[in-house]
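Asker: Would you be able to build a 3D model of this:
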Amino acid sequence: GCIALSLLRELPAARAVAVDVSEDALEVARRNAERLGLDSRIDLRRSRWLDAISRGDAFDAIVSTPPYVAASDAPSLPEEVRAHEPALALFADAADDLSSYRAVIGELDDHLEASGLLAFEVGVGQADRVASLLTDAGFHTVEILDDLAHIPRVVLGRR
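Answerer: As a prediction, the model looks like this:
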């Protein structure tokens, strides 16, 4: 919910639908939305990827921060991340670290407007591979943005 709520703070005319598989995460997002006075502009739904979005409900933008950390990288994570972030939110599928991205991309035809923007947060070493997934899916503009530590962290695609 923090990304959706941050976007709503920056875009006063926007509305958002935010999904998470964790009911606990959704409850935190509900409380934060109320505290920030944004609860009337956000619809929070429990969902794995876009499952809880009705077919044909299309958005101008979809922003996703799927689990992307390799389980083998767990010991290298800062203690505050390892101790407080749920594993479900952090760790990618061991067999295919891009499976979450593939799942979202596979559902876009029903949910992203023709000129829509897709933004993914990515893990270290994933940006080029995720960018290739978007290019293969027909996105005509794909861009990689660095985080403040100059690590490729966001992949943007526009149809």
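
Asker: Helix or strand with the lowest mean pLDDT in the chain?
Answerer: Ranking every helix and strand in the chain by mean pLDDT, DSSP states H and E puts helix 87-90 at the bottom, with a mean of 59.

Asker: Okay, buried residues for the following helix or strand past that helix please.
Answerer: The helix or strand immediately downstream of helix 87-90 is helix 99-106, counting by DSSP states H and E. Buried residues in helix 99-106, defined by neighbour count with 16 or more other CB atoms under 10 Å: Ser100, Tyr101, Ala103, Val104, Ile105. For every residue, glycine as well, the C-beta is placed using N, CA and C.

Asker: Any figure for the gap between the residue nearest to the spatial centre of the chain and Ala103?
Answerer: Centroid-nearest residue in the chain: Ser64, 1.2 Å away (criterion: CA atoms, centre = their mean). In this structure, Ser64 and Ala103 are 10 Å apart, going by CB to CB, to the nearest Å.

Asker: swap in Asp60?
Answerer: 21 Å.

Asker: which is the next helix or strand following the longest helix along the chain?
Answerer: With secondary structure taken from DSSP state H, the chain has its longest helix at helix 23-36. Next in sequence after helix 23-36, counting helices and strands by DSSP H and E, comes strand 42-46.

Asker: Helix 23-36 and that following strand, what's the angle between them?
Answerer: Angle, strand 42-46 to helix 23-36, by axes from the mean of the first three to the mean of the last three CA atoms, to 10 degrees: 170 degrees.

Asker: mean confidence score for strand 42-46?
Answerer: Strand 42-46 shows a mean pLDDT of 96 in the predicted model.
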